[in-house]
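> structure for this input, please:
(4 chains)
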There are 4 protein chains.
Amino acid sequence: MSKIQNFGIIGGDKRQLYCGRSMEEDGYRVAYCGFSKEEGFPIHHDAVMTVLEQSDAVLLPLPCTRDGLTVNAPRSEQVVLLEELFDIFGKIPVFCGMKKQLPFRAEMLYDYAEREEFAVENAVATAEGAIECAMHHYEGTLHHAACLVTGYGRIGRILSSMLRGLGSDVTVSARSLKDQAAIRSCGMKAISSEQLTGHYDLIFNTVPSLILHAQALAKIAADALVIDLASAPGGVDFEAAERLSIPTVHALSLPGKVAPKTSGIIIKNAVYNIIREEGL
Amino acid sequence: MSKIQNFGIIGGDKRQLYCGRSMEEDGYRVAYCGFSKEEGFPIHHDAVMTVLEQSDAVLLPLPCTRDGLTVNAPRSEQVVLLEELFDIFGKIPVFCGMKKQLPFRAEMLYDYAEREEFAVENAVATAEGAIECAMHHYEGTLHHAACLVTGYGRIGRILSSMLRGLGSDVTVSARSLKDQAAIRSCGMKAISSEQLTGHYDLIFNTVPSLILHAQALAKIAADALVIDLASAPGGVDFEAAERLSIPTVHALSLPGKVAPKTSGIIIKNAVYNIIREEGL
Amino acid sequence: MSKIQNFGIIGGDKRQLYCGRSMEEDGYRVAYCGFSKEEGFPIHHDAVMTVLEQSDAVLLPLPCTRDGLTVNAPRSEQVVLLEELFDIFGKIPVFCGMKKQLPFRAEMLYDYAEREEFAVENAVATAEGAIECAMHHYEGTLHHAACLVTGYGRIGRILSSMLRGLGSDVTVSARSLKDQAAIRSCGMKAISSEQLTGHYDLIFNTVPSLILHAQALAKIAADALVIDLASAPGGVDFEAAERLSIPTVHALSLPGKVAPKTSGIIIKNAVYNIIREEGL
Amino acid sequence: MSKIQNFGIIGGDKRQLYCGRSMEEDGYRVAYCGFSKEEGFPIHHDAVMTVLEQSDAVLLPLPCTRDGLTVNAPRSEQVVLLEELFDIFGKIPVFCGMKKQLPFRAEMLYDYAEREEFAVENAVATAEGAIECAMHHYEGTLHHAACLVTGYGRIGRILSSMLRGLGSDVTVSARSLKDQAAIRSCGMKAISSEQLTGHYDLIFNTVPSLILHAQALAKIAADALVIDLASAPGGVDFEAAERLSIPTVHALSLPGKVAPKTSGIIIKNAVYNIIREEGL
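Next comes the predicted model:
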């Protein structure tokens, strides 16, 4: 049984608020600061000091800071300086996303975003966001649409499976013969990443390097909508796409945008897993 | 081999334009009137008379008229009176949607919207539109969300299967034990339409009678988003939902809105089927 | 709450024994006669008279009789004459399969095999038996095999869906355009029953009339294994198949053979549904 | 374009014969020795010397030898000594399975069974064999049966997905939280391999170490059929299972047994991939 009974949640967006609500439903007490009242959550907003005094553990957002000086609190009028938190580091557990962004190191500082199960669960939310994005921009149905997913990593795997579940005609590209065999074993077509072929209505890129260069776009994407899910700069030559009149969407940070509730619960699960593993 | 080589497409929205484009790709000549240039389709807009002179068959929209006087042409600045078409009725085939709206009867007047395969194919587009709608309004992922689909007709069938393909936890309500057995045989939970039970994140109604009345809403929908897919007045007591602070969406005419391209092709397929069956 | 507390199960095969065991697990008392001890079920075998005296309701097998004289009890050394049961007909509920085989009519005589939910649940067991049969006889994997299912009724529906779940490449034939559209909406290929086309590794017939005649076999089944699931005489010209060296299996009564346990529970469920509906 | 035009296939079982037939269909000439005429394949059986003289490449079975002296040729009356092949090693490509069993090394000796895509494709055949085995031994339907798959490697992945496709209620055990998240993302239940819980109708073991020890069996397998897919000694305490009256099947080498045709094609594909990669 964990000693932690009171969480302080400082900064972030709706994900942290949903995370907190779900922790409260699990029986924890949660104090909040660094949020805008406009998010529509019926929470009590406290001063940083008050939150810290009440907490056995602190939860920072993903990413925890963007400037190295303040806690990332995009919707808040309240600025929370990282130095206001100095006293707690090393004394109580602090859970944050992308701890490398912090300008210092400390004991009991845990990064939930580094965990593999966090990445897998987020991939589901990203895949679903990609599908919503495709449904929104594409004027046909995904059902029976010819879809290419480039890459068969975490996101490629779940995205291709969901597309198949919707009735799309799915092709996946991968580099290794092993992955190509695995793709076929899931009832989809496999092509080599080095030799993209075919004609598609929708192309979802999950590869974080320039796989959809001008020649590839010209060859397979003439009538396609291209959705790039890879972090900037992404895997698509956007300039070439514009030149070729191929519509593109660079869809980033989908989980937080399309499914903040689920994203909050994914953060909570990762935090709980850390608590269990570390015996906090 | 059909004698029809030239189609005249008069009025409608993007569906008819996509239908026409697809007919052109199949080798037909197509003339258009009753559209706005703003739809972004690179077509030549003709006068009604010109279109009629060039056509072996005419395609009217779905519904073909709303007022009994003019062709339904919502985006057009051009008004096309039904009486302008009088000369062709009975002479060449006219394909329309909801021919009962017309104030007269004629030979060779065919209703593509009455066909069963048209209804089945549209159900796919409706189901996908419902999923897009749910993804847009719901703050979690459909994946792992507890979903109830009321009714196991055309739309209920395909919608529940697609939700399952996305990884939702799907329950379907049906009246007959036979349908309940069929639902279970597809790996989903079945409940009786007369006794709705459970707690859901999302409820999709496909039943065109008041199934989600105040008591049902209070019992199973307290934390749900309710999406009503049944034609007006629908199957949801919207007033009660508001009183109970249950968010609702009445999602109508989804195929044309979310997937005009696919809808156009569904119309085309139905027209082709009529031509084949009737030997036109 | 039903007045029935004691079931007498007379005749049949393993299905009835599994049915009885499951009823016992539900809290009923069950007495048995007309079974062989060799089935391996640890039950007490009683005389007919003893069973009838103890029972509030009697369960007869499917079919209840084959000769119109005795209860169908294929594995039993004990012969149970229908006339031994005369006294109970009309006095207590009797549940049987195929009551038309009985040479008389009576009050409170219910046929569980006539019920639609029974048929749907049995279709699942039939489909699974067909798959086991195909796996046993076919030297490749069903995965990636080209499979044709003729007919899209109860069995065709669930069988095609299971084959798809195993990764087969599935085509289904149906007569109506509506069913063909429904097949495509489930992500499978549809062909017309009147014009069977393609080349298949496996063909499953579910149509109870001669659909796979000599010409059809020659055209699409040259390299196929044909499994006929339709009751005798079936839908396959077996003579022509032999002439063409096409291997065939006429697989009948699969549920009882491959899944007696599930079949027994399906009988139980149907009996319970009758009890509920009739207020017995 | 490869220089290989003539294959010599020496020894093995039906898999090699199907492999050869498929190579012939691809336009290669194939010579055979070391087979029994009883397999029913219409091939010409040659003497070893004749085969070697005609061949640009030689295919040995999986495993290529069991005793280090002769080619593994279980059905043949003809004994082929490894030393009869000495002259060709290093001169022309030799493709074999489990080359470590050979008592020597040589140039141009390739092991198709070591390849990852071979392992993935075989996992499909193993999974299907496991399902056939379960269908054969289990008296219920897999549909709606509670199934546990232990391990989420190559076989666990495809087997659990196929079971889900048949409508089973699937739980998978895995050690890492990451794999447990992946299992849940595929719509199945995940449990920890260290703490097996639940009650199952069927348990499929894919873990090659003692995971189903006496305590685990007693806890979760009391009413289950246990199918062990892991190579000897397997992952099941078979003695304890017998003591607990739990039926078990140790199902080994399934692909060759249940799907020799597909297995032969998998061998062919791997050989072709080697030829392409090595520029043979």
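> average pLDDT for the biggest helix by length in chain A?
For chain A, the longest helix by residue count, based on DSSP state H, is helix A:116-137. Average pLDDT, helix A:116-137: 96.
> output the set of residues of chain A in proximity to chain C.
Remark: the part of chain A in contact with chain C comprises A:143-144, A:164, A:167, A:184-187, using C-beta under 8 Å from any C-beta of the partner chain. Yep, even glycine has a C-beta here, placed from its N, CA and C like the rest.
> mind redoing it with 7 Å?
Along chain A, the residues adjacent to chain C under the rule C-beta under 7 Å from any C-beta of the partner chain are A:167, A:187.
> do a quick rundown of the strands in the stretch 101-250 of chain A.
A:109-111, A:146-150, A:169-174, A:189-192, A:202-205, A:225-228, A:248-250 (DSSP state E, counting those that start in this stretch).
> does A:I266 touch A:F118 like I think?
Yes. Taking contacts as C-beta atoms under 7 Å, A:I266 lies within contact range of A:F118: 6.2 Å.
> okay, these two: which has more neighbours?
The neighbour count for A:I266 versus A:F118, taken as other C-beta atoms under 10 Å in any protein chain shown, is higher for A:I266 (28 against 24).
> mind checking which helix or strand the more buried one is in?
In this structure, A:I266 is located in helix A:260-278 according to DSSP states H and E.
> next, see if that helix gets close to chain D.
Yes. Judged by C-beta under 7 Å from any C-beta, helix A:260-278 comes into contact with chain D through A:N273.
> run through who's touching that helix.
Identification of contacts with helix A:260-278 by C-beta atoms under 7 Å, 6 or more residues apart in numbering or on different chains yields A:2, A:4, A:13-19, A:22-23, A:59, A:95, A:110, A:112, A:115, A:117-118, A:121-122, A:125, A:255-256, B:139-141, D:177.
> and the angle from it to helix A:116-137?
170 degrees (axes from the mean of the first three to the mean of the last three C-alpha atoms, to 10 degrees).
> counting contacts, what elements does the helix-or-strand element of chain A with minimal mean pLDDT pack onto?
Taking mean pLDDT, DSSP states H and E as the measure, the helix or strand of chain A with the lowest value is helix A:254-258, at a mean of 91. Identification of packing neighbours for helix A:254-258 by 3 or more C-beta pairs under 7 Å, 6 or more residues apart in numbering or on different chains; DSSP states H and E yields helix A:116-137.
> show me what the helix it packs on is packed up against.
On a contact count with 3+ C-beta pairs under 7 Å, 6+ apart, helix A:116-137 meets helix A:154-165, strand A:225-228, helix A:254-258, helix A:260-278, helix B:116-137, helix D:177-185.
> re earlier: can you check which of the strands of the stretch 101-250 of chain A gets nearest to C:D67?
Smallest distance to C:D67 across these (C-beta to C-beta): 54.9 Å, for strand A:169-174.
> give the other helices and strands that that closest one contacts.
Here strand A:169-174 is seen to pack against strand A:146-150, helix A:154-165, helix A:177-185, strand A:189-192 when contacts are counted using 3+ C-beta pairs under 7 Å, 6+ apart.
> export those to CSV and tack on mean neighbour count and distance to C:F86?
Shown next, in CSV, are these (neighbours: other C-beta atoms under 10 Å in any protein chain shown; distance: least, C-beta to C-beta, whole Å):
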stretch, mean neighbour count, distance to C:F86
strand A:146-150, 26, 67
helix A:154-165, 24, 56
helix A:177-185, 22, 60
strand A:189-192, 16, 66
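> in the stretch 101-250 of chain A, which residue sits closest to chain B?
Closest residue of the stretch 101-250 of chain A to chain B, C-beta to the nearest C-beta: A:G165 (2.0 Å).
> quick one: contacts for that residue?
By C-beta under 7 Å, 6+ apart, the residues touching A:G165 are B:162, B:165-166.
> now tabulate those residues in a markdown table and tack on pLDDT.
Shown next, in a markdown table, are those (pLDDT from 0 to 100):
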| residue | pLDDT |
| --- | --- |
| B:M162 | 96 |
| B:G165 | 94 |
| B:L166 | 95 |
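> these into CSV, with extra columns for distance to A:T150?
Converted to CSV, the contacts of A:G165 look like this (distance: C-beta to C-beta, whole Å):
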residue, distance to A:T150
B:M162, 24
B:G165, 21
B:L166, 21
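> follow-up on the earlier one: want to throw the strands of the stretch 101-250 of chain A into CSV with mean pLDDT?
Shown next, in CSV, are the strands of the stretch 101-250 of chain A (pLDDT from 0 to 100):
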stretch, mean pLDDT
strand A:109-111, 97
strand A:146-150, 98
strand A:169-174, 98
strand A:189-192, 97
strand A:202-205, 98
strand A:225-228, 97
strand A:248-250, 96
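> can you say which of these is nearest to D:F89?
With distances scored as C-beta to C-beta, the stretch of those nearest to D:F89 is strand A:189-192 (32.2 Å).
> ok, the closest one near chain D or not?
No. Judged by C-beta under 7 Å from any C-beta, strand A:189-192 stays clear of chain D, getting no closer than 10.1 Å.
> which residues touch that strand?
Contact with strand A:189-192 is made by A:171-174, A:180, A:183-184, A:197-198, as judged by C-beta under 7 Å, 6+ apart.
> tell me the one of those nearest chain D?
Nearest to chain D among the contacts of strand A:189-192, counting by C-beta to the nearest C-beta, is A:Q180 at 6.9 Å.
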